[in-house]
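J.: Build me a model:
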Amino acid sequence: MEILSAAVMLFLIMDPLGNLPVVLSILKHLEPKRRRIVLVRELLFALVILLLFLYAGKSILGFLHIKAETLSISGGLILFIIAIRMIFPQPGGVVGLAAGEEPFFVPMAIPMISGPSVIASLLLLSTQSPDRMLDWSIAVFLAWGGTFLILMFYNFFHRILGEKGLKAIERLMGLLLVMMSTQMFLDGLKQYLG
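T.: Residues are numbered from 1 along each chain as shown. A predicted model of the protein is given here:
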């Protein structure tokens with residue numbers, strides 16, 4: 001796999017456009033200036049996690065005696081809960097944060113940006129071609145950079161779609177996320193049982 005195709009694959013798995021409604025609903029209670037700071041912080045956390053799992057993922061999972069399929073099952077469960085909250089909004093918002101409360105590490109850095117699917121893909125790349133770690137690092141930076149740009153310009157999308165449009169997209173993405181999380185869960189279960 002070439003650097004560009006690996007970057008595109010990682011970018012599609014990170015799904016910044018799909019995550020946009022969730023990010024907006026998480027950040028909407030914060031002051032506009034604070035939103036950017038929180039977003040940059042969470043994106044940097046995600047980058048550190050991605051690089052950590054690229055270089056030390058197998059060792060971390062081995063040390064904790066966690067199988068890769070466990071990552072998929074638990075990630076699927078977390079995303080399923082978030083998806084249900086997107087479809088049926090609650091006073092605490094999509095992730096159960098109180099109004100004005102900042103997300104910290106969860107759920108933006110993990111599992112939205114650096115989720116189980118991205119981590120599993122990085123583990124796969126680093127295991128299959130351990131001699132190409134520089135290439136995979138470049139691919140991670142390219143995918144993360146694209147995600148960074150899309151999420152940093154969330155206001156542009158907010159202006160185009162409006163509040164009702166974003167709510168509609170949030171519910172639609174919730175439905176898609178239910179399917180993706182169920183598939184992630186079933187894939188992990190299949191690997192575990194197989």
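J.: and for stretch 120-138, what are the contacting residues?
T.: With Cβ atoms under 8 Å, 6 or more residues apart in numbering as the test, stretch 120-138 has contacts from 1, 3, 6-7, 9-10, 13, 50-51, 53-55, 57-58, 61, 68, 71-72, 139-140. C-betas here are computed from N, CA, C, even on glycine.
J.: Contacts only, for the residue lying closest to residue 38 once chain neighbours are set aside.
T.: Leaving aside its sequence neighbours, residue 38 sits nearest to residue 102 (Cβ to Cβ, 6 or more residues apart in numbering; 5.4 Å). Residue 102 makes contacts with 30, 34, 38, as judged by Cβ under 8 Å, 6+ apart.
J.: list the buried ones in the least confident helix or strand in the chain by mean pLDDT?
T.: Lowest mean confidence among the helices and strands of the chain (mean pLDDT, DSSP states H and E): helix 68-87, at a mean of 76. Neighbour-count burial for helix 68-87 flags 68-80, 82-83, 85-86 (criterion: 16 or more other Cβ atoms under 10 Å).
J.: which residue packs closest to residue 169, ignoring adjacent ones?
T.: Nearest to residue 169 is residue 21, by Cβ to Cβ, 6+ apart, at 4.9 Å.
J.: buried sites along stretch 124-132?
T.: Buried positions in stretch 124-132, judged by neighbour count with 16+ other Cβ under 10 Å: 125-126, 132.
J.: Show residues contacting stretch 162-170.
T.: 20-22, 24-25, 86, 94, 157-158, 161.
J.: any idea how far residue 64 is from residue 102?
T.: 28 Å (Cβ to Cβ, to the nearest Å).
J.: before we move on, what about residue 160?
T.: Residue 160 is 43 Å from residue 64, by Cβ to Cβ.
J.: Could you do residue 168 as well?
T.: Using Cβ to Cβ, residue 168 is found at 40 Å from residue 64.
J.: ok, these two, which is more surrounded?
T.: Set residue 168 next to residue 64 and count neighbours by other Cβ atoms under 10 Å: residue 168 wins out with 13 against 9.
J.: Am I right that the more buried one sits in a helix?
T.: Yes. Residue 168: assigned to a helix according to DSSP: H, G, I helix; E, B strand; the rest coil.
J.: Just the pLDDT at it, thanks.
T.: As predicted, residue 168 sits at a pLDDT of 81.
J.: what's the answer for residue 97, then?
T.: pLDDT, read off for residue 97, is 59.
J.: likewise residue 54?
T.: 93.
J.: Confirm for me that it is in contact with residue 143.
T.: No. With contact defined as Cβ atoms under 8 Å, residue 54 does not reach residue 143; the gap is 11.4 Å.
J.: So between these two, which is more surrounded?
T.: Taking neighbours as other Cβ under 10 Å, residue 54 and residue 143 compare with residue 143 leading, 24 against 20.
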